[in-house]
Structure formats: C-alpha cells, structure tokens
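Asker: got a structure for you, letters missing:
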C-alpha cells in the first residue's frame, strides 16, 4: 500500500472541505463552531 498525504485546514472557524472524492471513498474534514451545525439541506443519495 502506498502512503499518500492529504492536506486539510487547521482553523477555529466553521469549515467543511472535501479531502477525497472517488469511486471508493468520500472523505470530508469538518470543523464546526459550538452552537452551529451542518446545513439543513444536505443532499442524501438514494440507492435503488
């Protein structure tokens, strides 16, 4: 297995960033400030 480094932000502010997005994995890095949350309209994939 080959090691691969992925960059992400280090912050105290609210941030949602996509780290990996391919056919095998979707990986997001999220920093949420206390009292906040994810957006209410998150698209949820429907598998039929």
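Answerer: Sure, I can see it. These numbers were taken from a predicted model, which means no experiment stands behind them. Numbering: from 1, shown residues only.
Asker: name the residues that touch stretch 23-36?
Answerer: Contacts to stretch 23-36, defined as CB atoms under 8 Å, 6 or more residues apart in numbering, come from residues 6, 8-9, 11-21, 38. Every C-beta, even on glycine, is put in place using the N, C-alpha and C of the backbone.
Asker: now for those residues: which two are most distant?
Answerer: Taking CB to CB as the measure, the contacts of stretch 23-36 span a maximum distance of 25.2 Å, between 12 and 21.
Asker: hey, where'd the strands end up in this protein?
Answerer: If DSSP state E is used as the criterion, the strands of the chain fall at 15-21, 26-31.
Asker: can you redo these as JSON lines with mean neighbour count?
Answerer: Formatted as JSON lines, the strands of the chain follow (neighbours: other CB atoms under 10 Å):
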{"stretch": "strand 15-21", "mean neighbour count": "12"}
{"stretch": "strand 26-31", "mean neighbour count": "12"}
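Asker: got TSV for those, with distance to residue 1 and mean pLDDT too?
Answerer: Putting the strands of the chain into TSV (distance: least, CB to CB, whole Å; pLDDT from 0 to 100) gives the following:
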stretch	distance to residue 1	mean pLDDT
strand 15-21	15	89
strand 26-31	16	89
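Asker: distance to residue 2 added to those strands, as CSV?
Answerer: Shown next, in CSV, are the strands of the chain (distance: least, CB to CB, whole Å):
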stretch, distance to residue 2
strand 15-21, 14
strand 26-31, 17
